[in-house]
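K.L.:
based on what follows, work out the 3D shape:
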Amino acid sequence: MSPLITASNAFNKWSKAGDRSEAKVYLIGGGIASMAAAAFMIRDGDIVGHDITIIDEGDKLGGSLDGAGSAQDGYVLRGGRMFESKYLCTFGLFSSIPTLDGGRTVTQEIADWNETLKTSSKSRLVRGGHRETAPEFGLSEKHILTIERLALEPEGMLGRSSIAEQFDPTFFKTNFWFMWCTTFAFQPWHSAVEFKRYLVRFAHMVAGFNRLQGILRTVYNQYDSLVRPLQKWLGDRGVVFQLNTRVTDLGFERLDDATTVRRIATERSGVIGEIAVGAGDHVLVTLGSMTEGSSLGGMDKSPSLKDKADGGAWRLWERIAEGRPSFGRPAAFADHIDESKWVSFTTTLSDPTFLRLVRDFTGNVPGEGGLITFPQSSWLASIVIPHQPHFIGQPDDVSVFWGYGLAVDKPGDFVKKPMSACTGREILTEILGHLRIEAEAPKILESAICIPCMMPFITSQFLRREKGDRPEVMPKGSKNLAFIGQFCEVPEDVVFTVEYSIRSAQTAVYGLLGLKRMPPPVYHGKFDPRVLFKAFLALHDR
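P.N.:
Here you go, the predicted model:
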């Protein structure tokens with residue numbers, strides 16, 4: 001039996017329907033956390049779909065799990081999230097959601113797909129135009145001892161320290177770091193606590209990490225494979241999608257040391273509005289946004305750098321948190337753009353030359369290899385060639401690949417400009433240079449549409465933090481309010497994952513509705529001696 005199906009079965013043991021409630025539910029933010037919360041409200045809480053409203057300032061649902069564009073104008077993905085079999089909340093939820101064609105559940109589709117096309121990279125790192133298959137980690141005994149200490153050390157002792165404060169500088173030149181940081185998007189100045197959580201959460205994946213074994217893929221991009229089926233399921237049940245509407249504030253009533261949301265202030269096309277919240281209603285707020293202020297460039301245009309003023313998510317959190325310590329400290333995540341930004345790019349190709357050359361060079365067919373990183377790149381650039389088609393409706397003679405860079409303010413190696421200042425043409429030129437594709441480069445560039453995207457807050461959830469910066473899912477003293485998404489505190493789980501958002505949503509729904517159940521516990525490979533033994537051998541390159 002597939003581990004994904006086993007995970008969903010384990011989840012379903014926790015899910016027995018409760019009593020029906022006539023409460024109204026308002027979900028602020030239209031990302032995967034809100035969509036998951038709406039599904040849990042219906043499936044596990046017996047809330048009627050038409051009593052649930054999802055409010056988002058954009059024109060479509062999905063939040064950071066996006067996918068857009070066309071073969072003519074170029075496709076765009078701001079990013080993609082890693083999946084693995086221990087995402088119990090995610091696969092438990094999608095075990096109830098049919099695929100768009102209704103033939104099976106989304107969880108079953110993912111399980112079947114990853115039995116057909118297993119990830120096993122033959123070119124995880126590329127140096128000097130040469131691929132490295134299953135590269136050694138290259139860790140010293142001191143590095144390994146530090147990793148082991150971090151896995152055991154309580155989070156409170158690490159405080160606001162950074163990863164760089166835990167390791168000596170040589171660690172950041174190892175293959176382990178190059179593979180780890182580009183798989184998960186860590187920077188040396190990011191939180192040691194988050195790094196520790198990742199070490200513990202993914203201990204079971206360390207043994208196959210240099211070939212990306214154990215990483216799962218959806219059939220199409222995550223918008224088409226996850227968001228669209230979930231949106232259809234919600235829509236079929238009458239959930240209201242109130243789009244192009246920005247929530248600007250919440251009105252609170254405080255009585256007997258309890259705080260209740262009584263109104264939601266909105267703005268739509270310049271028109272100010274207000275939603276009255278009843279005494280028995282519930283409000284769930286997605287705090288912050290990793291993709292707020294995103295800016296697209298073009299083949300001959302670089303993206304611009306925006307800030308928290310270009311959107312409403314951060315400003316809403318700042319407004320409601322003022323004077324309310326239990327609502328967290330948004331400044332810890334929103335006010336350090338130079339430490340949280342990077343550039344991604346999506347390339348649409350109408351000529352097969354690039355995919356053919358990369359297939360022959362890497363030894364992997366599209367969708368099999370996963371992330372390819374260029375550790376000698378000044379931008380620390382990586383690309384991933386997904387299975388084609390990557391979008392529903394993508395023509396057979398069109399292909400798409402995605403990439404990103406972590407060091408976006410350094411000049412390139414083939415294009416002597418910072419990645420942040422580069423056009424799509426220049427970024428693709430840089431990638432072709434690292435692949436040593438020269439003779440065919442003009443032909444590839446002529447037929448390509450490369451769209452860069454600057455994201456100022458993309459790794460803001462990794463920034464150094466301390467207790468209280470992220471509020472609890474159920475803030476103390478709040479009667480009808482819960483926080484969901486990437487910037488609330490979900491003990492033991494890791495941010496920058498779909499699982500974290502869905503776990504926060506499930507926790508919030510069960511708490512608000514007073515259901516006597518819990519989300520399935522986070523998987524702990526650290527308690528399995530077989531996992532620890534394999535990780536020990538891998539860290540020592542044995």
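
K.L.:
any stretches of this protein with poor pLDDT?
P.N.:
1-21 (pLDDT under 70).

K.L.:
counting neighbours, which bits of stretch 363-383 end up buried?
P.N.:
Buried residues in stretch 363-383, counted by 16 or more other CB atoms under 10 Å: 364, 366-375, 377-383. Where C-beta positions appear, they are placed from N, C-alpha and C, glycine not excepted.

K.L.:
could you pick out which of those residues are located in strands?
P.N.:
In strands, defined here by DSSP state E, the members of the buried residues of stretch 363-383 are L371, I372, T373, A381, S382, I383.

K.L.:
now for those, which pair is the farthest apart?
P.N.:
Among these, the pair separated by the greatest distance (CB to CB) is L371 and A381, at 10.7 Å.

K.L.:
how much space between the most far-flung residue of the chain relative to its centre and M474?
P.N.:
Computed with CA atoms, centre = their mean, the residue of the chain farthest from its C-alpha average is D256, at 39.0 Å. Distance of D256 to M474, given as CB to CB, to the nearest Å: 18 Å.

K.L.:
likewise for R465?
P.N.:
Distance check for R465 against M474: by CB to CB, it reads 19 Å.

K.L.:
show me where the stretch 351-500 of the chain has helices.
P.N.:
353-362, 424-434, 441-447, 498-512 (DSSP state H, counting those that start in this stretch).

K.L.:
and if you look at the stretch 201-350 of the chain?
P.N.:
Counting by DSSP H, counting those that start in this stretch, the stretch 201-350 of the chain has helices at residues 222, 228-236, 313-321, 331-334.

K.L.:
need those in CSV (columns: mean neighbour count and distance to R81).
P.N.:
Shown next, in CSV, are those (neighbours: other CB atoms under 10 Å; distance: least, CB to CB, whole Å):
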stretch, mean neighbour count, distance to R81
helix 222, 22, 6
helix 228-236, 19, 15
helix 313-321, 22, 18
helix 331-334, 22, 18
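
K.L.:
mind putting those into JSON lines with distance to T90?
P.N.:
Converted to JSON lines, these look like this (distance: least, CB to CB, whole Å):
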{"stretch": "helix 222", "distance to T90": "11"}
{"stretch": "helix 228-236", "distance to T90": "11"}
{"stretch": "helix 313-321", "distance to T90": "22"}
{"stretch": "helix 331-334", "distance to T90": "23"}
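
K.L.:
out of those helices, which comes closest to I54?
P.N.:
Going by CB to CB, the one of these nearest I54 is helix 228-236, 7.8 Å.

K.L.:
hmm, back to that, which one of the ones in strands among the buried residues of stretch 363-383 is nearest to E22?
P.N.:
Nearest to E22 among those, counting by CB to CB, is L371 at 47.7 Å.

K.L.:
is the closest one in contact with C181, as I believe?
P.N.:
No: with contacts counted by CB atoms under 8 Å, L371 stays clear of C181, the gap being 11.1 Å.

K.L.:
what's the helix or strand where V193 lies in contact with?
P.N.:
V193 belongs to helix 192-201 when assigned by DSSP states H and E. Outside of helix 192-201, the residues within contact range by CB atoms under 8 Å, 6 or more residues apart in numbering are 147, 150-151, 153, 155, 158-159, 161-163, 165-166, 180, 184, 186, 461-462, 464-465, 492-495, 522-526.

K.L.:
kindly recompute the last result at 7 Å.
P.N.:
Applying CB atoms under 7 Å, 6 or more residues apart in numbering, the set of residues contacting helix 192-201 from outside is 147, 150-151, 155, 158, 161-163, 165-166, 184, 186, 462, 493-495, 526.

K.L.:
do the same with stretch 307-322
P.N.:
Here stretch 307-322 has contacts from 29, 57, 246-250, 287-289, 292-293, 327-330, 334, 337, 456, using CB under 7 Å, 6+ apart.

K.L.:
so how far is it off the chain centroid?
P.N.:
Centroid separation for stretch 307-322 versus its chain: 20 Å, with CA atoms, centre = their mean, to the nearest Å.

K.L.:
ditto for stretch 427-441
P.N.:
Relative to its chain's centre, stretch 427-441 lies at 28 Å (CA atoms, centre = their mean).

K.L.:
and what of stretch 144-153?
P.N.:
26 Å.

K.L.:
and it, what's buried?
P.N.:
Using 16+ other CB under 10 Å as the test for burial, stretch 144-153 gives T146, I147, L150.

K.L.:
for it, list the C-alpha coordinates in PDB.
P.N.:
Taking C-alpha atoms only, stretch 144-153 is exported to PDB below (Å, rounded to 0.1, in the frame of the first residue of the first chain):
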ATOM      1  CA  ILE A 144      28.200  16.600  12.000                       C
ATOM      2  CA  LEU A 145      28.500  17.100  15.800                       C
ATOM      3  CA  THR A 146      26.900  20.600  15.400                       C
ATOM      4  CA  ILE A 147      24.000  19.100  13.300                       C
ATOM      5  CA  GLU A 148      23.500  16.500  16.000                       C
ATOM      6  CA  ARG A 149      23.600  19.100  18.800                       C
ATOM      7  CA  LEU A 150      21.000  21.300  17.000                       C
ATOM      8  CA  ALA A 151      18.700  18.300  16.600                       C
ATOM      9  CA  LEU A 152      18.800  17.800  20.400                       C
ATOM     10  CA  GLU A 153      19.000  21.300  21.700                       C
END
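
K.L.:
what's in contact with that stretch?
P.N.:
Stretch 144-153 has contacts (CB under 7 Å, 6+ apart) with Q166, F167, A192, F195, K196, L199, V200, K526, L539, H540.

K.L.:
give me that answer again for 10 Å
P.N.:
By CB atoms under 10 Å, 6 or more residues apart in numbering, the residues outside stretch 144-153 that reach it are 137, 139-140, 158, 163, 166-168, 171, 176, 192-193, 195-200, 203, 206, 526, 532, 535-536, 539-540.
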